[in-house]
Every structure is written in C-alpha cells, then in structure tokens.
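> sequence below, structure please.
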Amino acid sequence: MSDLIQPVKKGTVDQKTNPNPVTNTGTSSLGKDAFLQLLVTQMKYQDPLNPNTDTEFVAQLATFSQLEQLQNLGQTSTNSQAFNLVGKDVVVKTTNSTGETVFKQGKVDFVNIAKGKVQLSIEDKMYSMDDLCQVIDGYYLVQKDIPKINEKINLEFDKDNPSDIAFHVDMGKGDYVADDVAIVINGNVIDAKYITVDNNKITISKDAFADIKPGIYSTTVVFNDALYTTVAGKVTIQVKGTEAPPDGTPPEGENPPKNVETD
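Below is the predicted model:
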C-alpha cells in the first residue's frame with residue numbers, strides 16, 4: 001500500500017517524484033492475462049470496510065472464463081482461415097528496404113503457427129497473417145491471362161470482289177500467351193497457309209473462301225496457348241457474291257458461249 005499512497009509530511013501530501021518510477025506501456029487490447037491481473041489486484045486492494053462479496057467475484061470469474069473462450073475461438077478461426085489459404089494466390093502488405101509500403105502477390109506454400117502468431121509462407125518468405133490484403137481465385141488469374149476476343153466481330157467477304165479480311169484479338173500473356181491460331185468456318189478447318197498472325201492481328205487470305213458458299217458463318221478461333229483456348233460465337237463472317245459453278249457453266253441468266261467453227 002505504501003507504493004500506492006503518497007506520504008504525508010506536516011499535514012500535506014508529498015508531491016516529490018518517486019525515485020524508482022515504473023514505466024507502463026499502454027496497449028490497445030485487453031487480453032485474458034490483463035483481465036486476470038485486474039481481478040487479482042481488485043481482490044488484493046479491496047476496501048476492508050466494504051469488501052466485495054463472493055457473488056461478485058464469481059460473476060467476474062465467469063466473465064473471465066467467457067473472455068478466454070472467445071479469444072480461443074477467435075484464434076481457432078484465424079488458424080482455420082490460414083490453413084484454407086494454402087495453395088491459393090494472395091496479396092500481402094509489407095515494407096521494402098527503404099521502409100516504403102509494397103504489396104507482394106504469390107501462392108501460399110504453407111502456414112506456420114508459433115506462439116499464437118500465424119505466418120504465411122510465400123516464395124520462401126514468411127509474412128504475418130495480419131498483413132493479408134487480398135485472396136485471389138486461381139480461375140480468375142487464368143481467365144485474365146488466356147487469349148480472348150473481347151467484342152463481337154462481324155466480317156464480310158465478297159466473292160465478286162475478293163480481298164483478304166482481318167480482325168484483332170488478344171493473344172494472351174504470361175504463361176498463356178499464344179503465337180498462332182486455327183480457324184474453323186462452317187465446320188471446316190482453314191488451311192494454315194491461308195492464315196497470318198501478326199501480334200494481335202489475324203488475316204485470312206481471300207483464297208481461303210474459294211470453296212465456301214455464300215452465307216453467314218459463325219467462326220471458331222483456336223489459340224495454341226498452354227490450354228488451347230477456344231473462342232466460338234465471337235466472330236461472324238458473311239460470305240456474299242456469286243458462286244461459280246464447279247463445272248465452269250456460267251451462272252444462271254448468262255448466255256453460254258457460242259461454239260466457234262473453224263475452217
């Protein structure tokens with residue numbers, strides 16, 4: 001008690017600084033250990049003229065037990081969440097050598113729990129679970145990088161005035177980049193010699209349409225990336241014009257050539 005009550009000299013309280021001050025560092029959380037210390041201190045320094053009853057202490061102990069169970073439940077939940085992150089792509093917040101805040105993206109290799117602290121292993125480095133910012137679905141990452149055709153494309157080919165046709169696609173990036181494609185029109189695969197790929201531009205030679213009858217065709221594009229991504233229903237080609245008969249007979253409505261007699 002002498003440490004808690006200032007000495008009185010000549011009827012006044014001595015305000016001199018304690019020669020052996022105790023520095024206490026505050027904290028923003030009140031754990032079960034701090035709660036138990038408060039309870040013990042309350043029992044030790046209770047007013048002897050108005051002591052706390054047994055019922056009050058029992059109620060406080062019950063509250064302490066509930067607090068401990070809640071904290072244990074929270075820790076168990078955190079551990080369970082961490083275990084579920086193994087094999088998933090995440091983003092954690094950390095600092096570099098200059099003290100700047102940076103974000104690290106990678107796959108969680110394993111989870112380490114020591115002294116109540118949960119750490120995630122990402123590319124052989126440990127990061128605190130508290131630094132976790134994002135959890136990214138693997139399917140989303142694949143879909144983001146694979147080749148794709150972002151908008152519907154409508155093309156026309158005129159057999160009476162033939163010319164090459166071209167359109168643009170996204171050839172992908174990272175592990176899923178493609179450098180060539182296959183084109184399927186009306187169920188037939190176009191010969192590769194008629195297809196040219198230049199970065200994200202695909203050109204189909206006019207010679208590829210020689211045997212294709214007039215009509216509207218939904219075209220399928222197959223990329224040669226790691227997944228052989230296939231995009232159907234995005235490109236439509238309308239073939240117009242007059243189709244020449246296979247036997248050389250002139251189209252209907254035109255007069256056949258007259259036979260030329262020779263002497």
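> quick one: average confidence on stretch 228-245?
Per-residue pLDDT over stretch 228-245 has a mean of 89.
> flag every buried residue along it.
Neighbour counts over stretch 228-245 (16 or more other Cβ atoms under 10 Å) mark 229, 231, 234, 235, 237, 239 as buried. Yep, even glycine has a C-beta here, placed from its N, CA and C like the rest.
> any chance of those in CSV, plus distance to residue 172 and secondary structure?
Shown next, in CSV, are the buried residues of stretch 228-245 (distance: Cβ to Cβ, whole Å; DSSP: H, G, I helix; E, B strand; the rest coil):
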residue, distance to residue 172, secondary structure
229, 7, coil
231, 11, strand
234, 15, strand
235, 17, strand
237, 23, strand
239, 29, strand
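> these: which two are farthest apart?
229 and 239 (25.7 Å; Cβ to Cβ).
> relative to residue 160, how far out is residue 242?
For residue 242, the distance to residue 160 equals 6 Å [Cβ to Cβ, to the nearest Å].
> residue 217: how many residues sit nearby?
19 (other Cβ atoms under 10 Å).
> how about the helix or strand in which it is found: buried residues?
Remark: residue 217 resides in strand 215-223, with elements defined by DSSP states H and E. By neighbour count with 16+ other Cβ under 10 Å, strand 215-223 contains the buried residues 217, 219, 220, 221, 222, 223.
> run through the bridge partners of the last one.
Okay, so that is residue 223. Here residue 223 sits in beta bridges with residue 181, going by DSSP bridges.
> show me where the stretch 151-263 of the chain has its strands.
153-158, 165-168, 181-185, 188-189, 195-198, 201-204, 215-223, 230-240 (DSSP state E, counting those that start in this stretch).
> one step back: dump the strand holding residue 217 to CSV, keeping only the CA atoms.
Taking C-alpha atoms only, strand 215-223 is exported to CSV below (Å, rounded to 0.1, in the frame of the first residue of the first chain):
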residue,chain,number,x,y,z
GLY,A,215,-24.0,-17.4,-96.3
ILE,A,216,-23.4,-16.3,-92.7
TYR,A,217,-21.0,-18.4,-90.7
SER,A,218,-20.1,-18.4,-87.0
THR,A,219,-16.3,-18.7,-86.9
THR,A,220,-14.3,-20.6,-84.2
VAL,A,221,-10.8,-19.4,-83.3
VAL,A,222,-8.5,-21.9,-81.5
PHE,A,223,-5.3,-20.5,-79.9
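> quick one: that strand to strand 153-158, angle?
Angle, strand 215-223 to strand 153-158, by axes from the mean of the first three to the mean of the last three Cα atoms, to 10 degrees: 120 degrees.
> which elements pack onto strand 215-223?
Counting contacts by 3 or more Cβ pairs under 8 Å, 6 or more residues apart in numbering; DSSP states H and E, strand 215-223 is packed against strand 181-185, strand 230-240.
> residue 202 is nearest to which of these?
strand 181-185 (6.0 Å).
> could you list the buried residues of that closest one?
Within strand 181-185, the residues that count as buried by 16+ other Cβ under 10 Å are 181, 183, 184, 185.
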